[in-house]
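> compute the structure for the input listed below.
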Amino acid sequence: DSSVIIVVSAINQILGLATVFDHAPGRVHFLYQYSLDFLLDIFTCVLKSPELAGTQDHLQRLNIITANLFQTVYRRVSRGMLHADKVLLALLLMRISLRSAGGEPSYDAQWDLLLGRSELFASKTAHQSPPTALPFLTSQHMGAIIKAQKLPGFENMLDIMCARPDQIKEWMEMDNPEAAVPVLWEDPEQKLTAIGVAMNQLIVVHCLRSDRLMASAHRLVAAAFGDGFMQQDKVIDLHDIIDNEVSSSDPVLLCSAIGYDASGKIEDLGVQTGRPVTSIAIGSAEGFSQADAALTAASKSGRWVLLKNVHLAPQWLGNMENAYTHLNLTRTSGCSSHRSQSQPSTFTVCSTGNSSG
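Numbers count the residues shown, from 1 in each chain. I've put the predicted structure just below:
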């Protein structure tokens, strides 16, 4: 049955995401930990997309599900990431998409160059002076070019540059070189797709203007997912998130830069929605006991509990997780009062060394 194939294909997509997210993001920052339940919630949301209601064609439905899946994963995960890490998430999702969709190369060699992973690209290159036609190149430029020439299509990169030194020098001095990258690769059969061209442009920027690498990476993501893919996390609507994306059994963690107090957002939202808020500062024995009592009471009354400065007591968060598990089991067994499942009961606020964008 075609419907079964669609669901199985979508499940394979999300299980692939779950496998990657179980390992990759946590290596970047200790807060980037995502459970399978988190991804399954995203999957459920994607399957309820209104775009599917009027679509009967099975292939079209699968395309809608797949596109919405990657977009929703990026939107929900990126809002809790540091600004500089968001493009890394988008690139990770792009790699997963290319591997699963087919019809497009995996670009493994290019990724190995950018990440310096394989022995072919990780080893240091012997010092080589720039050609006389390109005296403005540094030893770092030459090292990167020598490695890039091991990629298909880039074998004659240095010769191409020597043929037009003035153009290369002018381009390297541009403020936004990623917008007009010169073609320093060969594609005689015109086989490169838009993604392939954007990937090659990223390689050129990596070699000659590494300071604009992130900007060039944005263009690569746009070639793969569309111009609007990374624009949806610009403004965070906390009210919408609470209403539509989390339940009363999901605590919400807000991480802010040092010197900025994110708790005001919750207090203002409580006033806006008419929700009573119990605010507790964590860091003392008295605060711990108050928090435990407030969580127990909130599980019955439906009040919001705002726990401030939880970064001062990371070990206590483990106790809070155990308490949440117990409260959820109790609620499931019918031993506690029912209340709205669309509203979280706990907001925890911590401070980090960087802004999460």
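> in the chain, which residue is closest to the centre?
Most central in the chain under Cα atoms, centre = their mean is residue 89, positioned 3.1 Å from the mean C-alpha point.
> what's near enough to touch it?
Contact analysis of residue 89 by Cβ atoms under 8 Å, 6 or more residues apart in numbering lists 25, 74, 77, 78, 81. Where you see a C-beta, it was placed from the backbone N, CA and C, and this is true even at glycine.
> ok, the second one - how many residues close by?
Burial measure for residue 74: 23 neighbouring residues, criterion other Cβ atoms under 10 Å.
> how about the last one?
Residue 81 has 22 neighbours, counted by other Cβ under 10 Å.
> re the thing from before, give me the element the residue nearest to the centre of the chain is part of.
helix 83-101 (DSSP states H and E).
> residues of that helix that come out buried?
For helix 83-101, the neighbour count (16 or more other Cβ atoms under 10 Å) marks 85-98 as buried.
> need the residues you listed in JSON lines with pLDDT and distance to residue 220, can you?
Below are the buried residues of helix 83-101 laid out as JSON lines (pLDDT from 0 to 100; distance: Cβ to Cβ, whole Å):
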{"residue": "85", "pLDDT": "85", "distance to residue 220": "16"}
{"residue": "86", "pLDDT": "88", "distance to residue 220": "14"}
{"residue": "87", "pLDDT": "89", "distance to residue 220": "9"}
{"residue": "88", "pLDDT": "87", "distance to residue 220": "12"}
{"residue": "89", "pLDDT": "87", "distance to residue 220": "13"}
{"residue": "90", "pLDDT": "91", "distance to residue 220": "9"}
{"residue": "91", "pLDDT": "90", "distance to residue 220": "7"}
{"residue": "92", "pLDDT": "87", "distance to residue 220": "12"}
{"residue": "93", "pLDDT": "88", "distance to residue 220": "12"}
{"residue": "94", "pLDDT": "90", "distance to residue 220": "7"}
{"residue": "95", "pLDDT": "87", "distance to residue 220": "11"}
{"residue": "96", "pLDDT": "84", "distance to residue 220": "14"}
{"residue": "97", "pLDDT": "86", "distance to residue 220": "12"}
{"residue": "98", "pLDDT": "86", "distance to residue 220": "11"}
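> any chance of these in a markdown table, plus distance to residue 111?
Shown next, in a markdown table, are those (distance: Cβ to Cβ, whole Å):
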| residue | distance to residue 111 |
| --- | --- |
| 85 | 17 |
| 86 | 18 |
| 87 | 14 |
| 88 | 12 |
| 89 | 15 |
| 90 | 14 |
| 91 | 9 |
| 92 | 10 |
| 93 | 14 |
| 94 | 10 |
| 95 | 7 |
| 96 | 12 |
| 97 | 14 |
| 98 | 10 |
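> wait, which of these is closest to residue 202?
Closest approach to residue 202 among the buried residues of helix 83-101 (Cβ to Cβ): residue 91, at 9.6 Å.
> you'd agree the closest one is up against residue 223?
No: when contacts are counted by Cβ atoms under 8 Å, residue 91 is not listed as touching residue 223 (11.7 Å).
> what is the neighbour count of residue 102?
For residue 102, the number of neighbouring residues by other Cβ under 10 Å comes to 6.
> just the pLDDT at it, thanks.
At residue 102, the model reports a pLDDT of 72.
> still on that earlier bit, and the buried residues of helix 83-101, which is closest to residue 247?
Using Cβ to Cβ, those come closest to residue 247 at residue 89, 24.2 Å.
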